[in-house]
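Asker: Fold the following for me, if possible:
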Amino acid sequence: MSNFQMSYAGHVSDRVEDLYHGIVKPEAIDFHFIPLPPFQAFNRFLRGEFDCGEMSFSTYVIKTAQSKLDGKPLPFVAIPVFPSRTFRHGAIYVNRAAGITKPEQLAGRRVGVPEYAMTAAVWTRGMLKHQHGVDPESIEWVTGGLQEAGRKPLLDLKFPGITIRHEETETLNDMLVSGDIEALIAPQIPPAIREDLPEVAPLFDDLAAAEQDYYRRTGLFPIMHAVVIRRELYERHPWAAVSLYQAFEKAKNNCLARLSIEEPVSLSLPWSWSLRKKVIELMGEDFWPYGIEKNRDVIEALCQYTWEQGLTPVKVEIDDLFAPSVVSLASERL
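Answerer: A predicted model of the protein is given here:
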């Protein structure tokens, strides 16, 4: 019996490069990896162009909640593979003239964000609320394009009690420089920061210290993206979800093994060996875990944040999110 074809859209990182280059292959699947920036991958997967792909985790949680409410299953299902994770303290930027020097001072301010429901913003608001006492309702939100005006949101949602203005003509970057917004939450670094303009600055001076302290306090390494598969494909071939999960896990483990090579170093970054040692001391050997149990707390935190921020009409549970075949068989060979 020949392998069946599967197309995948997502960004290429060291965690998935062995899949991209064909060094790791999902068992019994001819895997076609199409490299795309995340936002393009999300949109094109939602339009039905690919069999599986990288998906904004908050978008997936929100859509899962909506499907629970209307009783209609989503046309896709996730496996607990998380190709993108990032601490989000570094996503907050301020206009210096606003006098914002600590997170608590964001209350009552105008804050830009490309999309209110984007995963980076969900995690940042969760951190602001639970670690610094800043409620989303206390902020005047402005959405729009970071570098190009007129960005349209991935999901068209209303949020009770939240003030949101969508900006069509100016970029959030320019508004931050001018002071039209006093702060910005964005997963990409704004051009004004890259250009070292004096009007703007990151909120946290010592970013690594702030994020490491957050991890010590919470144990959370925020998940940004998950991998999703077309439900029709999954229902015909439930074993394929397991094959895919195992392949992603192997590619990630290969990546972590390469980072452990002391000489010659595999990463073109000075002090990478000592940095890896510090990461392991804080987070353990498998500091980028896949699967459910190792990520239960962080998945539950995102489900809690989407619900309390008004993004979901009901609270999503972990059992609602992932393909049952992977939940039960991920540790076994096919």
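Asker: which of the residues in the lengthiest strand in the chain are buried?
Answerer: With residue count as the measure and DSSP state E as the assignment, the chain has strand 76-85 as its longest strand. Neighbour-count burial for strand 76-85 flags 76-85 (criterion: 16 or more other C-beta atoms under 10 Å). Every C-beta, even on glycine, is put in place using the N, C-alpha and C of the backbone.
Asker: Dump these to a markdown table, plus pLDDT and distance to P238.
Answerer: As requested, those are exported to a markdown table (pLDDT from 0 to 100; distance: C-beta to C-beta, whole Å):
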| residue | pLDDT | distance to P238 |
| --- | --- | --- |
| F76 | 97 | 14 |
| V77 | 97 | 10 |
| A78 | 97 | 14 |
| I79 | 97 | 11 |
| P80 | 97 | 15 |
| V81 | 97 | 16 |
| F82 | 98 | 21 |
| P83 | 97 | 22 |
| S84 | 97 | 25 |
| R85 | 98 | 27 |
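Asker: so who does the residue most central in space within the chain touch?
Answerer: Centroid-nearest residue in the chain: M224, 1.2 Å away (criterion: C-alpha atoms, centre = their mean). Contacts for M224 (C-beta atoms under 8 Å, 6 or more residues apart in numbering) come out as 56-57, 82, 84-86, 119-120, 123, 187.
Asker: quick one: which of these is nearest L244?
Answerer: The shortest approach to L244 among the contacts of M224 belongs to F82, at 13.5 Å (C-beta to C-beta).
Asker: does that closest one really touch P222, like I thought?
Answerer: No. With contact defined as C-beta atoms under 8 Å, F82 does not count as touching P222 (9.7 Å).
Asker: And what about the nearest residue to V122 once chain neighbours are set aside, helix, strand or coil?
Answerer: Spatial nearest neighbour of V122, chain neighbours left out: S58 (4.7 Å); criterion: C-beta to C-beta, 6 or more residues apart in numbering. Assigned by DSSP: H, G, I helix; E, B strand; the rest coil, the conformation of S58 is helix.
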